[in-house]
Structure formats: C-alpha cells, structure tokens
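[1] 3D, please:
(chains A and B)
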Amino acid sequence: MSYKITEEGNISTVFLNGEIDMDVTEKAKEVILPIVESGKEVHLNLKDVSYMDSSGISVLIESHQKALENNTKVVVKEVSKSVLKVIMMAKLEQILNLE
Amino acid sequence: MDLSESKDFLVHTASLKEVRVFSREVFDKLKLDNELKEELVLAIAEAAQNIVKHAYKGVENTTDHMQIKISLKDNNLEIGFFDKGKPVVAENIQHRKLDDIKPGGLGTFFIKQIMDDAVFKKDQQQWVNHLILSKKI
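    Have a look, this model is predicted:
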C-alpha cells in the first residue's frame, strides 16, 4: 500500500493505493487517524485500492468513529467496484459517508 | 476441469498477499469469472488471516507454516487450511452482529457469506487445525 496526501483548507485528502489487508492496516491507521484527531475533515480516495479485506473495513470504521468523536467527518470517495462490494457485504454503505 | 493444488505459507501477515496471488493463479486456471474469483480470494484470505490472528495469537516471529489446498472435483470447490497453532474451538467462533458497528469481527461473516460451508475437522495428525471451506460452483 502506498499513499499520497493533499491539503485544501480544512480538508485533507488521502489517496490510498494498492491492496489493504491486515499487513498494512497499522500503516493506514498511522496515516489517517492523526489527521482525523487534528479535527480536519478527511477524504479517503479509494479509486486505486484494488482489494480490501475485513481489516481494511475496520480501518474505515475506526476512522469514521474517530471523526465523530472529534466533531469532524471522514468521506470515502471514488470507491472501486471491488471495494464497494466488500463495504456492501458488511452493510456499511449507509453508515460510512460514501461519495 | 478437476484440479488440486496446495502451497505452504509462513504464518505471518506478510504472507497474506502471497495467499491471494496463489489463490488467483489457481482460480485463473479454473477460468472462474472475475467476480466469483475475487469473492473466493477474499474468503481464503480471511481464513488465512484468522490463522495468523487467532491460532497464532501472541506468537511473534514463528517459523511455522500453514498450508492451503484448493481442490475442485465435480464442481465442488473445497479449500483446506492446515495449521499448527492453538487448537480452534469451533463453537467459540462467531462474527459480530452487523448492527453493532465497530472495527473487527467481520472476517468470519465474510467467509459465511461467500462459502456454502465451513467445517473444522480433526482428521490430521501432523496438523493441529484443519478447516475446510466448500462451495458448489
């Protein structure tokens, strides 16, 4: 997994790339959670994430919940078809902010 | 087309990518459509992850290997997982309730959604755990 972060005003966009599994979830959390905890709105762009398992889904849930605690939000954007299928299997499409 | 292939993997999170590569290679030989292939790869990866996460919980830097065997016979797909970790008590395995939104507890749910059956067998002397996932395809 690789990533790139862009900033625009109070919004940080994190572009994740590759496959997100248990081996990289700590790295993903280290990238995302500090931004959320700073109170910024985070946009997670998943267009280049080709695979995500339950560990990756856990990162999305944790990020979402951490954002609520910090009165901000995480928006999940440009979800690839394969990742959307996993999100829907977990019945999270109404919980996560998908765009 | 009937087929049976197996491969050993070091019990480590870094092996999960190799597990997916192996699984995709086998399913490509079976010419499965991409959607089914990726569902099956997810189920296999989740089961392998459970070995690393639960059967080897608290065990760091093990040199143990797990074995994954994918077999297809008469349209019955069977995926075997063999490991030498802590014995699994099948009755204790449960996924979290979907409306209890929190990180974790979804791997087993995904496996149940994708596969027809998941059974632990005690038929191996050289292994501790033997999980069989099956699906009619």
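[2] helices or strands up against the longest helix along chain B?
    The longest helix of chain B (DSSP state H) is helix B:34-50. Under the contact criterion of 3 or more C-beta pairs under 8 Å, 6 or more residues apart in numbering or on different chains; DSSP states H and E, helix B:34-50 touches strand A:41-52, helix A:54-69, helix A:81-89, helix B:16-29, strand B:65-73, strand B:76-83, helix B:107-114, strand B:129-136. (C-beta placed from N, C-alpha, C; glycine too.)
[3] I'd like to check the angle between the fifth one and strand B:76-83, please.
    Relative orientation of strand B:65-73 and strand B:76-83, computed by axes from the mean of the first three to the mean of the last three C-alpha atoms, to 10 degrees: 170 degrees.
[4] What are the buried residues along strand B:65-73?
    Residues B:66-72 are the ones in strand B:65-73 that count as buried (16 or more other C-beta atoms under 10 Å in any protein chain shown).
[5] which of the residues you listed lies closest to chain A?
    Taking C-beta to the nearest C-beta as the measure, residue B:66 is the one of the buried residues of strand B:65-73 closest to chain A, at 14.0 Å.
[6] and the closest residue in space to that closest one that isn't next to it in sequence, how far is that from residue B:108?
    Distances taken as C-beta to C-beta, 6 or more residues apart in numbering or on different chains put residue B:83 closest to residue B:66, at 4.3 Å, once the chain neighbours are dropped. For residue B:83, the distance to residue B:108 equals 16 Å [C-beta to C-beta, to the nearest Å].
[7] And those two? Which one has more around it.
    Neighbour count, other C-beta atoms under 10 Å in any protein chain shown: between residue B:83 and residue B:108, residue B:83 has more, with 25 against 18.
[8] Thought residue B:127 was touching the more buried one, still the case?
    Yes - counting by C-beta atoms under 8 Å, residue B:127 is a contact partner of residue B:83 at 6.4 Å.
[9] who touches both of the two?
    Residues touching both residue B:83 and residue B:127 by C-beta atoms under 8 Å, 6 or more residues apart in numbering or on different chains: residue B:67.
[10] got a list of what the nearest residue to residue B:93 once chain neighbours are set aside touches?
    Nearest non-adjacent residue to residue B:93, counting by C-beta to C-beta, 6+ apart: residue B:108, 5.9 Å away. Contact analysis of residue B:108 by C-beta under 8 Å, 6+ apart lists B:46, B:50, B:93-95.
[11] and which of those is nearest to chain A?
    residue B:46 (6.0 Å).
[12] Based on its surroundings, how many neighbours for that closest one?
    A count of nearby residues for residue B:46, using other C-beta under 10 Å, gives 24.
[13] give the contact list for it.
    With C-beta under 8 Å, 6+ apart, residue B:46 has these contacts: A:53-54, B:107-108, B:110-111.
[14] Just give the closest residue to the spatially most central residue of chain B, not the sequence neighbours.
    In chain B, the centroid-proximal residue (C-alpha atoms, centre = their mean) is residue B:47; its distance is 3.2 Å. Nearest residue to residue B:47 in three dimensions, chain neighbours excluded: residue B:81, at 5.3 Å (C-beta to C-beta, 6+ apart).
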